[in-house]
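1. sequence and predicted structure, then a few things I'm wondering about:
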Amino acid sequence: MAAPRADMHRLQELVRLHRLGTSVRKRAQLLGMSTRTEREYREAIAAAGLLEGAPDELPELAVLRSAVERQKPPAAPRPVATSVDDWMDDIRAAVGKGLEPQALWDKLRRDKPDEFKASLSAVKRAVLRVKRERGVQPEDVVIPIETAPGEVAQVDFGEVSRLFDPVTGKVRRAWVFVMVLGRSRHLFACIVFDQKVTTWLEPHVAAFE
């Protein structure tokens, strides 16, 4: 398997989707991997006799890991010096707070302009390494929810900043109204300047239009 190794929770979901009869392309889309990678993992799981069965009786994570590693044992890590080695404690702390690579890179450059010289790509690789060290966290687990067309739309307000209101001619506190369709993930968004009931209803009308 040439692609990066998937975590075992995703492979458990691969088994469930296969048992539900989901198509290869749809499985790959839901799992966030290419169809080739999906096939390679599926074949490794099938070789261990774990692919077929009831959708609600999935293989244990340790059993899946063993099946995949029998087909392709993980390569031994090679210690290689990188430009972020001296900053790994800062990076681990930032990842624990949920900071993304771009924001972390900007922060390190701003806080240590004369010392920190690593590239953004080096920080991205370091963040990925830290996340692999930590393993799957509760907030990392996402369960795909299938909905029929027109069945579900998710709506919310989110505060954005103080913006210029062309109606009043003043800078005011502003929110963005967002509606996302459950099936297609098509998104509608518009800026509003209050959270009154009428303001809540008007973007719904505009979104459907």
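-> Yes, it's here.

2. run through the neighbouring helices and strands of the helix or strand bottoming out on mean pLDDT in the chain.
-> Across the helices and strands of the chain, mean pLDDT, DSSP states H and E gives its lowest value to helix 61-71, namely a mean of 84. Contact analysis of helix 61-71 by 3 or more CB pairs under 8 Å, 6 or more residues apart in numbering; DSSP states H and E lists helix 8-19, helix 35-47 as its packing neighbours. C-betas here are computed from N, CA, C, even on glycine.

3. could you pull out the strands in this structure for me?
-> Using DSSP state E, the strands of the chain run over residues 153-165, 170-181, 187-192.

4. pick the most buried one from these.
-> The highest mean neighbour count among the strands of the chain, using mean count of other CB atoms under 10 Å, belongs to strand 170-181: a mean of 16.

5. just the pLDDT for the nearest residue to His186 once chain neighbours are set aside.
-> Distance criterion CB to CB, 6 or more residues apart in numbering; nearest residue to His186, sequence neighbours excluded, is Val180 at 7.2 Å. Confidence at Val180, expressed as pLDDT, is 92.

6. biggest helix in the protein by residues?
-> helix 120-134 (DSSP state H).

7. and that helix, what does it pack against?
-> Using 3+ CB pairs under 8 Å, 6+ apart, the elements in contact with helix 120-134 are helix 88-96, helix 101-111.

8. buried ones in it, by neighbour count?
-> When burial is assessed from 16 or more other CB atoms under 10 Å, helix 120-134 yields the following buried residues: 122-127, 129-130.

9. out of those, which is nearest to Leu14?
-> Leu14 has its nearest neighbour among the buried residues of helix 120-134 in Arg129, at 24.1 Å by CB to CB.

10. quick revisit: quick one: closest of the helices and strands packed on helix 61-71 to Pro149.
-> helix 8-19 (19.8 Å).

11. what residue ranges in the chain are flagged as low confidence?
-> 1-6, 73-79, 136-144 (pLDDT under 70).

12. let's go with 80 and repeat that
-> In the predicted model of the chain, residues 1-8, 71-81, 134-146 satisfy pLDDT under 80.

13. surely Leu163 meets Val176?
-> No: between Leu163 and Val176 there is no contact under CB atoms under 8 Å: 9.8 Å.

14. which residues do these two both contact?
-> Residues touching both Leu163 and Val176 (CB atoms under 8 Å, 6 or more residues apart in numbering) are Ile191.

15. angle of the longest helix of the chain against helix 88-96?
-> Inter-element angle recorded for helix 120-134 and helix 88-96: 70 degrees (by axes from the mean of the first three to the mean of the last three CA atoms, to 10 degrees).

16. alpha carbons only: can I get helix 120-134 in PDB?
-> Once non-C-alpha atoms are left out, helix 120-134 reads as follows in PDB (Å, rounded to 0.1, in the frame of the first residue of the first chain):
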ATOM      1  CA  LEU A 120       5.000  26.100   6.400                       C
ATOM      2  CA  SER A 121       5.300  22.600   4.800                       C
ATOM      3  CA  ALA A 122       7.700  21.500   7.600                       C
ATOM      4  CA  VAL A 123       5.100  22.700  10.200                       C
ATOM      5  CA  LYS A 124       2.300  20.800   8.400                       C
ATOM      6  CA  ARG A 125       4.400  17.600   8.400                       C
ATOM      7  CA  ALA A 126       5.200  18.100  12.100                       C
ATOM      8  CA  VAL A 127       1.500  18.600  13.000                       C
ATOM      9  CA  LEU A 128       0.600  15.400  11.100                       C
ATOM     10  CA  ARG A 129       3.400  13.500  13.000                       C
ATOM     11  CA  VAL A 130       2.000  14.800  16.300                       C
ATOM     12  CA  LYS A 131      -1.500  13.800  15.400                       C
ATOM     13  CA  ARG A 132      -0.300  10.300  14.600                       C
ATOM     14  CA  GLU A 133       1.600  10.100  17.900                       C
ATOM     15  CA  ARG A 134      -1.600  11.100  19.800                       C
END
